[in-house]
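Participant: Could you look at this predicted model? Sequence included:
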Amino acid sequence: GVDAALMESIDGLASLYQYELEVYDEAMELHGEVCELRRRKFGPRHPDVAQTLTNMANLHQLMEQDHAALPLYRQALDIYEEALEPGDPLRGITSYNLAILLHDSLNQPEEGLRLARFARKIFADAGGVDHPYTAMAQETLETWGAGEDA
């Protein structure tokens, strides 16, 4: 089997390439390797696979490849919805990231608003109305002219 420490090391290296060194092509290659290793070890519907898909989607956004990010966020969210509790913050974070992408980059404001509201509810339920993630989602909704909507 694949050693968990190896997967974490490759994942860490991918993040270093992505966020510190901004060597995006190499980071994407490493994220792809981690994704495949996690699929083999845990199965395709595991939250660790979803996390790697989210990392890849984030990187596509950094590379201004928004259409490539969309199916990865959707797949990650689908896995999270199946594998995690309804109020799990990972569902909220992924919903929020997808909301931003849809609303701001892909001209799908209605779905973006729906997902941002969903994320705000998860954050508020998990951490309270004063939690930084709740405030972030609320601020985004206000910027979009929908701050008071439930």
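Facilitator: The structure has been received and is ready for your questions.
Participant: all helices in this protein, in order from the N-terminus.
Facilitator: Here the chain has its helices, by DSSP state H, at 4-15, 24-42, 47-62, 66-83, 89-100, 109-127, 132-143.
Participant: Show me what counts as buried in the last one.
Facilitator: What it means is helix 132-143. Within helix 132-143, the residues scored as buried using 16 or more other C-beta atoms under 10 Å are 133-134, 137-138, 140-141. Every C-beta, even on glycine, is put in place using the N, C-alpha and C of the backbone.
Participant: pLDDT and distance to residue 61 for these - can I get that in CSV?
Facilitator: Shown next, in CSV, are the buried residues of helix 132-143 (pLDDT from 0 to 100; distance: C-beta to C-beta, whole Å):
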residue, pLDDT, distance to residue 61
133, 95, 18
134, 95, 22
137, 96, 18
138, 95, 22
140, 96, 15
141, 96, 20
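Participant: now, among those residues, which is nearest to residue 93?
Facilitator: Lowest distance from residue 93 to the buried residues of helix 132-143 (C-beta to C-beta) belongs to residue 133, with 7.4 Å.
Participant: That closest one contacts residue 123, correct?
Facilitator: Yes: assessed by C-beta atoms under 8 Å, residue 133 is found in contact with residue 123 at 4.1 Å.
Participant: re earlier: weakest of the helices of the chain by average pLDDT?
Facilitator: Among the helices of the chain, helix 4-15 has the lowest mean pLDDT, at a mean of 90.
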